[in-house]
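S.K.: Based on what follows, work out the 3D shape:
(4 chains)
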2 protein chains.
Amino acid sequence: MTETQKRPYHHGDLRQAIIETAIAMLNEPGGWQFTLREVARRAGVSHAAPYKHFPDKAALLAEIALIGFDRLHVALASARSGAGNATEALVAASRAYLVFGLGNPALYRLMFGAEIGNSAAVHRDKRAMGAFDVVMDLLAEGQAAGLIEKRGVAGQAASVWAQMHGLTMLKLDGMLRPERVGEDAVEAALASFYEGVFV
Amino acid sequence: MTETQKRPYHHGDLRQAIIETAIAMLNEPGGWQFTLREVARRAGVSHAAPYKHFPDKAALLAEIALIGFDRLHVALASARSGAGNATEALVAASRAYLVFGLGNPALYRLMFGAEIGNSAAVHRDKRAMGAFDVVMDLLAEGQAAGLIEKRGVAGQAASVWAQMHGLTMLKLDGMLRPERVGEDAVEAALASFYEGVFV
DNA sequence: GACATGAAGTTAACACTGTCTACTTACCGC
DNA sequence: GCGGTAAGTAGACAGTGTTAACTTCATGTC
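M.R.: Predicted coordinates for the structure are as follows:
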């Protein structure tokens, strides 16, 4: 659309355009601290237009966080379906989790941060828990097959998720110093962790 | 100081007052998104005064994050000195870690977030790594005493920290749903985790 | 085709922010 | 007492999030 050929008064699908523009801006310096006005400018509308689709900036961030959970769920389900037994699937899912988190740092941080104002509502959403269900299922399968230590599945699932989440966050924050925990700390930590989980 | 009895032109220790006021505001709704102007108001100075002590808001947040690491280090060292053998000390340190993180949610999030602009510099600071050293030492001691599985200490240390950090963050985010992981997920996860670490 | 209604835009305003500059006050060393 | 500098203040600037009132146009009904 050239300068002289303006977009029609009605955008057509501004809500989606705002979401996509905001996700793109997440990956720029400043991450989610982009401004709604800049999102509107890039989408080619006035600064007040987004308020017809989202009550405020926090609502837009909440929607993006849920999209992140959707994508994580897909990544884990995909890793699971391509693996062999439950333990292989669990390791594959863990790697997929880390690949996702480390490959989408700003989105991952937003998903688990308190920035979205009503993070409790986001984290209660079933879309947020879908990814966790994959882990629960694999642990139950592994225990049933005698491949995983028989402990409380719930506590074990929490432990597995904590390990994946903790490694992702510490790596993103640059806190896994090579001089302290070696060059490939994530791999080493995963190996150490699952050594204590598998039979 | 009454309304008519103004503070002398020179505050005396404004830098410290700004830090303390900002830490207090961290625990209010909005966390670190407080405004420097409001910090200055509460400290009883003009909105530009903080710029004589901190180049910008991010620098103030960075200093507060380091203070958080200092406090975490003290909590871990204290837990260690009050425990028996290395495994008891490791469990005690883990609990102290969780108590700290869960008791100071906004400060803990700031310590590990990307909000402070130059989080890399903060996380490279030796003050940030002090807490981690306590964990490294305990693992080495435990392995030497034959109480902990002999794996690469570095990878094991990363795994232990990831577990503590992951559990703290998931709990803070409200993602450990009782209907999914039970009522006392943190305790259960820690028990499950250390079952796989101790001999 | 005319009309009413409402969605989806725009324009303008408000109150606030972070940060900077120039100025003022006062502390400190000599 | 003076000079230099630290530590304040006053004011300005460019920007923000959000709201209200208005404009444009899409849609449904007759």
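
S.K.: So which residues on chain A come close to DNA strand D?
M.R.: With the criterion set to CB under 7 Å from any atom of the strand, chain A comes near DNA strand D through A:8-10, A:35-38, A:47-48, A:51, A:55-58. Any C-beta I mention is one placed from the backbone N, CA and C, and that applies to glycine too.

S.K.: rerun at 6 Å
M.R.: A:8-10, A:35-38, A:47-48, A:51, A:56-57 (CB under 6 Å from any atom of the strand).

S.K.: Buried ones among the residues you listed?
M.R.: A:36, A:57 (16 or more other CB atoms under 10 Å in any protein chain shown).

S.K.: ok, of the residues of chain A next to DNA strand D, which one's closest to residue B:18?
M.R.: residue A:35 (26.1 Å; CB to CB).

S.K.: what would the residues of chain A next to DNA strand D look like in a markdown table with secondary structure?
M.R.: Converted to a markdown table, these look like this (DSSP: H, G, I helix; E, B strand; the rest coil):
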| residue | secondary structure |
| --- | --- |
| A:8 | coil |
| A:9 | coil |
| A:10 | coil |
| A:35 | coil |
| A:36 | helix |
| A:37 | helix |
| A:38 | helix |
| A:47 | coil |
| A:48 | coil |
| A:51 | helix |
| A:56 | coil |
| A:57 | helix |
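
S.K.: could you redo the residues of chain A next to DNA strand D as TSV and give each row pLDDT and distance to residue B:125?
M.R.: Formatted as TSV, these follow (pLDDT from 0 to 100; distance: CB to CB, whole Å):
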residue	pLDDT	distance to residue B:125
A:8	88	54
A:9	91	53
A:10	92	52
A:35	97	30
A:36	97	34
A:37	97	35
A:38	97	32
A:47	97	39
A:48	97	43
A:51	97	41
A:56	95	35
A:57	95	32
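
S.K.: ok, the residues of chain A next to DNA strand D vs chain B, which is closest?
M.R.: residue A:57 (11.7 Å; CB to the nearest CB).

S.K.: got the contact list for the closest one?
M.R.: For residue A:57, the residues meeting the contact criterion (CB atoms under 8 Å, 6 or more residues apart in numbering or on different chains) are residue A:36.

S.K.: Tell me the spacing between it and DNA strand C.
M.R.: Separation of residue A:57 from DNA strand C (CB to the nearest atom of the strand, to the nearest Å): 14 Å.

S.K.: what does residue A:163 give?
M.R.: Plainly put, residue A:163 is 36 Å away from DNA strand C if you go by CB to the nearest atom of the strand.

S.K.: Residue A:119 too?
M.R.: In terms of CB to the nearest atom of the strand, residue A:119 sits 21 Å off from DNA strand C.

S.K.: Hmm, that residue is touching residue B:173, no?
M.R.: Yes: look at residue A:119 against residue B:173 with CB atoms under 8 Å: they come within range, at 6.4 Å.

S.K.: Take the residues of chain A next to DNA strand D and write them to JSON lines, including distance to residue B:197.
M.R.: Written out in JSON lines, the entries for the residues of chain A next to DNA strand D read as follows (distance: CB to CB, whole Å):
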{"residue": "A:8", "distance to residue B:197": "63"}
{"residue": "A:9", "distance to residue B:197": "64"}
{"residue": "A:10", "distance to residue B:197": "60"}
{"residue": "A:35", "distance to residue B:197": "46"}
{"residue": "A:36", "distance to residue B:197": "47"}
{"residue": "A:37", "distance to residue B:197": "51"}
{"residue": "A:38", "distance to residue B:197": "48"}
{"residue": "A:47", "distance to residue B:197": "54"}
{"residue": "A:48", "distance to residue B:197": "56"}
{"residue": "A:51", "distance to residue B:197": "52"}
{"residue": "A:56", "distance to residue B:197": "45"}
{"residue": "A:57", "distance to residue B:197": "43"}
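
S.K.: ok, of the residues of chain A next to DNA strand D, which one's closest to DNA strand C?
M.R.: The closest of the residues of chain A next to DNA strand D to DNA strand C turns out to be residue A:48 (CB to the nearest atom of the strand; 3.0 Å).

S.K.: Next, the contact list for that closest one, please.
M.R.: residue A:40.

S.K.: Kindly report the same for residue A:72.
M.R.: Contacts for residue A:72 (CB under 8 Å, 6+ apart) come out as A:97, A:100, A:111, A:131.

S.K.: Quickly name whichever of those is closest to residue B:156.
M.R.: Using CB to CB, residue A:97 is the member of the contacts of residue A:72 that lies nearest residue B:156, at 20.0 Å.

S.K.: one step back: residues bridging contact with residue A:119 and residue B:173, i.e. touching both?
M.R.: In contact with both residue A:119 and residue B:173: residue A:113, using CB under 8 Å, 6+ apart.

S.K.: Of these two, give the one with the bigger neighbour count.
M.R.: residue A:119 (23 against 20; other CB atoms under 10 Å in any protein chain shown).

S.K.: mind checking how far the more buried one is from residue A:99?
M.R.: 24 Å (CB to CB, to the nearest Å).

S.K.: Would you agree residue A:135 is in contact with residue A:93?
M.R.: Yes: using CB under 8 Å, residue A:135 is in contact with residue A:93, at 6.6 Å.

S.K.: okay, among the contacts of residue A:72, which ones form the most distant pair?
M.R.: Farthest pair in the contacts of residue A:72 (CB to CB) is A:97 and A:111. Separation: 11.9 Å.

S.K.: Okay, domains of chain A per the record?
M.R.: Following automatic domain parsing, one gets these domains for chain A: A:1-54, A:65-195.

S.K.: Tell me which residue in chain A sits closest to chain B.
M.R.: For chain A, CB to the nearest CB, closest residue to chain B: residue A:196, 2.1 Å.

S.K.: Next one: the nearest residue in space to that residue that is not next to it in sequence relative to DNA strand D, how far apart?
M.R.: Distances taken as CB to CB, 6 or more residues apart in numbering or on different chains put residue B:196 closest to residue A:196, at 2.1 Å, once the chain neighbours are dropped. Going from residue B:196 to DNA strand D by CB to the nearest atom of the strand gives 45 Å.

S.K.: Let me know the pLDDT of residue B:196.
M.R.: As predicted, residue B:196 sits at a pLDDT of 86.

S.K.: ok, now which ones touch it?
M.R.: A:149, A:193, A:195-197.

S.K.: Give the burial count for residue A:49, as a bare number.
M.R.: 17.
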